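> Generate a structure from the sequence data that follows.
(2 chains)
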Amino acid sequence: MQRLETIRVAEYSDGRKSGHSSWPTPYPGLDRQALGMDALVEVSGLTKRYGDTLAVDGVDLTVLAGEVYGFLGPNGAGKTTTLRILTGLIAPTSGSVRVLGGRPGDSGVLGRTGSMIESPAFYPYLSGLDNLRLLAEYADVPRARIDEVLELVDLTARAKDRFSTYSLGMKQRLGVAAALLKDPELVILDEPTNGLDPAGMRDMRRLIRDLGADGRTVLLSSHLLGEVQQICDRVGIINAGRMVAEQKVEELRGEQELVIRATPREQAGSILAAFGSVRRYDDTLRVKVPAERAAEVNRALVEAGIAVSELRSAERALDDIFFELTANEETAHAG
Amino acid sequence: MLGSCRAELLKLRKRSAVWVLFGSGLVLSLIFGYLLPYLGYATGDDNPQTDGVPRADILRGMLPERVIDNTIGGYPIFAGALALVLGAIVIGGEYTWGTLKTVLTQRPGRATVLGAQFLALGTMIAVWVLGIFAACALCSIGVAAAENGSMSWPGLGELLQGLAGGWLVLMMWCLAGAVLAVAFRNVALPIGLGVVWILGIETLLAGVVSSLLPGLKWLANVLPGTNAGSLVFSVTGMAAADAPPGVRDAVGGARALLTLLGYCAIFAALAAWTTRRRDVT
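Residues are numbered from 1 along each chain as shown, chains lettered A, B, ... in the order given. Down below sits the predicted model:
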């Protein structure tokens, strides 16, 4: 597979390089130097206003080289607007944006970026193959690459059929093929599993994971929390145009808890306090302790004569965190 | 730029609507240039269709020496309208299908993409003009052979001048369609407005100005249709009485040429300026 040269150092408009110690990290969870990675996408204070509507409101976002970054948010949160800005399709009202060390929409940047923004858009009267052929002409990509990407998204058999005859899932796959045509360093995919059946979704997730494993940087937007949780290294959560979090998935999910149903509960609670902070949740107790210590916790409870009817690990799903964060944000706005 | 041009030509080549427009232009040229005149010629002097024109004159109008008249005589009005539709569907289609975002996220910049689209349209219009010319030339040869008419042809310079003039007229209308499509980000509205302008409003304006407002003749003489008709009139050398609708000697050939070039430049610049500045949503 042909590889394009990766430029690892992104330069800011003021001459500083990415990873420079004086550059503030947008969120406490991100330390580029510690991670040993450079930022391919750096967005700071990004705002986009359409008349009275603020579509994107002071967004800070950093995508590091080689990571799969999930851009999560409900419909209408500002995900697609942000991605359109990153690909140079729309101009920001204010804020700074650097993609691959350059300005979004610059020829050099576009040549190293593959993207599928919103729905896949192709010429309906042309075949999938011809659509890719003409994109290859625009992007100056060798024709052999077309066969490779068609194979990659499993569209070779239908490549000569008109785009207008494709199912939604096939259109989506052609969109991903087009995004990969330039063998890009940075792949931006906006809701790539839309319209795919469960098998297609599974294949698409596998493909995206493979892209990340292959050293490519992937910026994936989605409103499907499970999808992001499965695929991404880090996530940024946007709601009503504002970024409400940007962290590693594990960090965002926070510390693990054990869920314990035991009798008598008060006595169990005082024993569990020795392991970590305890809270009541319905008729269970939740203690912040890693799952590896479950046997130890159980032994302590049983030795104290407490009847344990349930003991299990409770991982916070991204869904819970997402709703928590977006609800907090809405409450803050309302206040 | 070369790759972008190849991509644009591929799109045009494979789009059936483009060939339908070309075919319509060609068929109309042959019907009005040869079929109807030949029917008039074959049915004699006293037929009302010939309007009293001697049969010899009708025959002369179909012979090779008048091939340029028949090739580009219909360009200011009906082929011009088809060229406007071509510009509108090619550029407007990018907005209605959403393909503009796909194209603009490839390597080339916006100005390059638009420039390639205009170059490809210019190339296809040249193919169209040459196609109509070839068909008219074949008909002229056929008529001359059937009626023992003269086989003399216009000089090469006259041929080139006529074809280039015809190309410029169609290109100007095509760019008008393109700039309307960019302005409205649509296909239907530019076609509607453009065709109504070409087929109705401009003729109406010229009529009103000449009969009621002669002081505004200068205004009528800067309109695109007037200049298109004047350019065709000057490069064909047809008599005013023989001229088809839209072809007239309102302004001189040189002025018409400069005015049409000016319209082309303005339409292209407006389309480029708008495309470069505007968000692609």
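> Centre-most residue in chain B?
Central residue of chain B (C-alpha atoms, centre = their mean): B:Leu170, 2.9 Å from the mean position.
> What strand or helix carries the nearest residue to that one once chain neighbours are set aside?
In space, and not counting its chain neighbours, B:Leu170 is closest to B:Ala83: 4.1 Å by C-beta to C-beta, 6 or more residues apart in numbering or on different chains. To be clear about C-beta, it is placed using only N, CA and C from the backbone, and glycine gets the same treatment. Assigned by DSSP states H and E, B:Ala83 belongs to helix B:80-96.
> Give me the contact status of whichever helix or strand comes after that helix with chain A.
Next along the chain after helix B:80-96, taking DSSP H and E as the criterion, comes helix B:99-104. Yes - remark: helix B:99-104 sits within contact range of chain A at B:99, B:101-104, by C-beta under 8 Å from any C-beta of the partner chain.
> other SSEs contacting the very next helix or strand once past helix B:99-104?
Using DSSP H and E, the next helix or strand after helix B:99-104 towards the C-terminus is helix B:110-146. Here helix B:110-146 is seen to pack against helix B:2-13, helix B:16-30, helix B:67-72, helix B:80-96, helix B:99-104, helix B:156-184, helix B:253-277 when contacts are counted using 3 or more C-beta pairs under 8 Å, 6 or more residues apart in numbering or on different chains; DSSP states H and E.
> thinking again about what came up before, any chance of the residues of helix B:99-104 next to chain A in CSV, plus pLDDT, distance to B:Gly207 and neighbour count?
Shown next, in CSV, are the residues of helix B:99-104 next to chain A (pLDDT from 0 to 100; distance: C-beta to C-beta, whole Å; neighbours: other C-beta atoms under 10 Å in any protein chain shown):
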residue, pLDDT, distance to B:Gly207, neighbour count
B:Thr99, 95, 41, 20
B:Lys101, 94, 44, 22
B:Thr102, 94, 46, 24
B:Val103, 95, 43, 24
B:Leu104, 94, 44, 20
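> nearest to A:His223, of those residues?
Nearest to A:His223, judged by C-beta to C-beta, of those is B:Lys101 at 20.1 Å.
> quick one, what contacts that closest one?
The contact partners of B:Lys101, taken as C-beta atoms under 8 Å, 6 or more residues apart in numbering or on different chains, are A:84, A:87, A:89, A:117-118, A:121, B:280.
> re the thing from before, so which of the helices and strands packed on helix B:110-146 gets nearest B:Ala120?
helix B:2-13 (3.5 Å).
> Any idea how many residues pack against A:Ala213?
Neighbour count for A:Ala213, taken as other C-beta atoms under 10 Å in any protein chain shown: 10.
> do you know how far it is from chain B?
Note on A:Ala213: its distance to chain B, by C-beta to the nearest C-beta, to the nearest Å, is 24 Å.
> Read off the pLDDT value for that residue.
Listed pLDDT for A:Ala213 reads 85.
> swap in A:Ala55?
pLDDT, A:Ala55: 92.
> three-state assignment of it?
Per DSSP: H, G, I helix; E, B strand; the rest coil, the local secondary structure of A:Ala55 is strand.
> Can you verify my assumption that it contacts A:Ala77?
No - if you go by C-beta atoms under 8 Å, A:Ala55 and A:Ala77 don't touch, sitting 9.4 Å apart.
> Find residues that contact each of the two.
What both A:Ala55 and A:Ala77 touch, as defined by C-beta under 8 Å, 6+ apart, is the set A:Gly241.
> more crowded one of those two?
A:Ala77 (24 against 20).
> I'd say the more buried one and A:Asn239 touch.
Yes - the criterion here is C-beta under 8 Å, and A:Ala77 meets it with A:Asn239 at 5.3 Å.
> what's the closest of the helices and strands packed on helix B:110-146 to A:Phe322?
Closest of these to A:Phe322 is helix B:99-104, at 28.0 Å (criterion: C-beta to C-beta).
> ok now the closest one, how far from the chain's centre?
Distance of helix B:99-104 from the chain centroid (C-alpha atoms, centre = their mean, to the nearest Å) equals 28 Å.
> Quick check: closest non-adjacent residue to A:Thr82.
Using C-beta to C-beta, 6+ apart, the closest residue to A:Thr82 is A:Val56 (5.6 Å).
> how many neighbours does residue 205 have?
Just so you know, I chose chain A. So A:Arg205, with other C-beta under 10 Å, has 18 neighbours.
> Switch to chain B, please.
Using other C-beta under 10 Å, B:Leu205 has 18 other residues around it.
> what about it, helix or strand, and which?
helix B:202-211.
> any idea of the mean pLDDT for the helix or strand just after that helix?
Scanning forward in sequence from helix B:202-211 by DSSP H and E, the next helix or strand is helix B:217-220. For helix B:217-220, mean pLDDT is 84.
> name the helices or strands packed onto whatever helix or strand comes next after helix B:217-220?
Remark: after helix B:217-220, the chain's next helix or strand is helix B:224-236, criterion DSSP H and E. Packing contacts for helix B:224-236, counted by 3+ C-beta pairs under 8 Å, 6+ apart, involve helix B:67-72, helix B:156-184, helix B:202-211, helix B:253-277.
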